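Participant: Here is a sequence with its predicted model. Questions after.
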Amino acid sequence: MSTMDAIGGGVTGASSQMERGSPRKRANALSRLMRWLAHCVERRRTRMSLLELTDDQLSDIGISRCDAYREGLRPFYD
């Protein structure tokens with residue numbers, strides 16, 4: 001038994017597995033990341049669509065061309 005095992009109470013394979021994160025936790029984190037990325041892509045797509053609207057269409061929804069540019073040019077993660 002090494003000194004570290006004696007101090008730490010003998011780290012087993014199960015507890016070292018918890019330190020690295022279980023496969024379920026990693027899958028959850030990956031799933032959350034994929035959902036966030038999909039949300040960012042959708043947000044970017046709709047902002048680009050906003051820039052393609054005509055002035056009449058923008059006035060129909062109650063925003064100015066300046067507001068459309070301000071929103072449309074925001075970064076995808078914002």
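Facilitator: Ah, there it is.
Participant: where in the chain is pLDDT low?
Facilitator: 1-20 (pLDDT under 70).
Participant: Go ahead and flag the most central residue of it.
Facilitator: residue 36 (3.2 Å; C-alpha atoms, centre = their mean).
Participant: packing partners for the helix or strand containing it?
Facilitator: Secondary structure from DSSP states H and E places residue 36 in helix 23-51. Counting by 3 or more C-beta pairs under 8 Å, 6 or more residues apart in numbering; DSSP states H and E, the packing neighbours recorded for helix 23-51 are helix 65-72. In this view, the C-beta of every residue, glycine as well, is placed from N, C-alpha and C.
Participant: Give me the residues contacting the helix it packs on.
Facilitator: Contacts made with helix 65-72 from outside it, assessed by C-beta atoms under 8 Å, 6 or more residues apart in numbering, are listed as 47-48, 50-51, 53, 55, 58, 63.
Participant: Wait, residue 43 touches residue 76, no?
Facilitator: Yes - if you go by C-beta atoms under 8 Å, residue 43 and residue 76 touch, sitting 6.1 Å apart.
Participant: list the helices and strands the helix or strand just after the helix holding residue 36 packs on?
Facilitator: The element immediately downstream of helix 23-51 (helix or strand, assigned by DSSP H and E) is helix 55-61. Using 3+ C-beta pairs under 8 Å, 6+ apart as the contact criterion, the secondary-structure elements in contact with helix 55-61 are helix 65-72.
Participant: now the helix it packs on against helix 23-51, angle please.
Facilitator: Helix 65-72 runs at 160 degrees relative to helix 23-51, counting by axes from the mean of the first three to the mean of the last three C-alpha atoms, to 10 degrees.
Participant: tell me which residues of helix 65-72 are tucked away?
Facilitator: Applying a neighbour-count criterion of 16 or more other C-beta atoms under 10 Å, one finds 68, 72 buried in helix 65-72.
Participant: now that helix, how far from the chain's geometric center?
Facilitator: The gap between the average C-alpha position of helix 65-72 and the chain average comes to 24 Å, counting by C-alpha atoms, centre = their mean, to the nearest Å.
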